[in-house]
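1. need a 3D model of the following:
(one chain, ligands or ions: 1)
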Amino acid sequence: MKFTKMVAAGNDFILYNGFDYTVNNYSNLAKKSCDRHFGIGADGIMVCEKSDVADIKMIYYNSDGSRGEMCGNGIRCFSKYVYENKILNKKSFTVETLAGIKTIWLETNDDDIVKMIKVNMGVPIFESNMIPVNINSDEVLLEDIVIDGINIMFSSVLVGVPHTVIFVDDIKHVDINGLGEKLESHSIFPEKTNVNFVEILDRNNINIYTWERGAGRTLGCGTGSCASVVLGKKLGKLDSLVNVKTEGGQLQVGLKDNYNIYMKGGATIICTGTMLDL
Ligand SMILES: N[C@H](CCC[C@H](N)C(=O)O)C(=O)O
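-> You can find the predicted model right below:
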């Protein structure tokens, strides 16, 4: 199977063209191709397929073989991929995901190379039973949880996929892997959760460190960036337009009325090749 490997804000993905191949088992394809020793290596895979309700459908699977309803860095790579491979021939289109239909706008240079991708990510869901989080309050804002004897204050929101955000003063004092792994699978999160540790630099700039549901430690997360800005704004810590610095890059998140989320950033093609022995 021919593949394209891409990266956006440090999140790396393998893209397959579902118009050329029929994928029988996405989960196995994801596990096998994302393996960093016995595969190509990536945080997740995406397959483009025909949609009945939008211009195209995006299927996303995490590196552990679990399905993700949506992927923010992924959908920017996906949009560049379908445009530059001439699968779609327009610069604004809609993408069907398991988390609803997302609208895309592409900015290209004189050579028709996609330089910037803007995505309307839709509105976040704050209700605890919808995220879902097993907790005795309607929303999950600055709640306490004890992990390994340490008291942690967390907030959660659904931005296509469940996200938990922990605002920290200095990431150097945080055990990202240890806490990330324990929080991801904590019984309070019945569908598990992605975990974002966020340093606020000022009202328009944050640093984010990510532990992803289904992929572990990653160098960035698009939906996580959106979740962090949404919760930062809701808690009065951030303005409506924020530059997000991930460990692998950067992107911009803007909120319009009622937390309607717009995400803007780049995406890069690393290589193309052929995956054998599937
Ligand atoms: N890296 C992705 C999130 C993938 C979703 C996945 N980790 C899940 O919750 O299933 C992003 O940029 O938004």
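
2. can you list the neighbours in contact with stretch 253-263?
-> 72, 76, 118-124, 159, 222, 225-226, 229-230, 233-234, 240-242, 244, 251-252, 264 (Cβ atoms under 8 Å, 6 or more residues apart in numbering). Every residue, glycine included, has its C-beta placed from N, CA and C.

3. any weak-confidence spans in this structure?
-> Along the chain, the model assigns pLDDT under 70 to residues 278.

4. sorry, back to before: among the contacts of stretch 253-263, which are within reach of the ligand?
-> When contact is defined as Cβ under 6 Å from any ligand atom, these meet the ligand at 72, 222.

5. quick check on the contacts of stretch 253-263: which are buried?
-> 72, 76, 118-124, 159, 222, 225-226, 229-230, 233-234, 242, 244, 251-252 (16 or more other Cβ atoms under 10 Å).

6. ok so, going back, in strands, which of the contacts of stretch 253-263 fall?
-> Using DSSP state E, the members of these that fall within strands are 118, 119, 120, 121, 122, 159, 241, 242, 244, 251, 252, 264.

7. will you turn those residues into JSON lines that also has distance to residue 171?
-> Output for the ones in strands among the contacts of stretch 253-263, formatted as JSON lines (distance: Cβ to Cβ, whole Å):
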{"residue": "118", "distance to residue 171": "28"}
{"residue": "119", "distance to residue 171": "27"}
{"residue": "120", "distance to residue 171": "30"}
{"residue": "121", "distance to residue 171": "25"}
{"residue": "122", "distance to residue 171": "29"}
{"residue": "159", "distance to residue 171": "21"}
{"residue": "241", "distance to residue 171": "23"}
{"residue": "242", "distance to residue 171": "17"}
{"residue": "244", "distance to residue 171": "14"}
{"residue": "251", "distance to residue 171": "18"}
{"residue": "252", "distance to residue 171": "21"}
{"residue": "264", "distance to residue 171": "24"}
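
8. and which of those is nearest the ligand?
-> For those, the residue nearest the ligand by Cβ to the nearest ligand atom is residue 159; the value is 7.9 Å.

9. and the closest one, what does it touch?
-> In this structure, residue 159 makes contact with 70, 72, 121, 124, 223, 224, 226, 227, 230, 261, judged by Cβ under 8 Å, 6+ apart.

10. hmm, which two among these are most spread apart?
-> The two members of the contacts of residue 159 with the most space between them (Cβ to Cβ) are 70 and 230, at 14.2 Å.

11. who in the stretch 151-278 of the chain is up against the ligand?
-> 161, 194, 212, 213, 214, 215, 221, 222, 223.

12. widest-spaced pair of the residues you listed?
-> 214 and 222 (14.6 Å).

13. just the helices in the stretch 101-250 of the chain please.
-> For the stretch 101-250 of the chain, helices defined by DSSP state H, counting those that start in this stretch occupy the ranges 176-184, 222-234.
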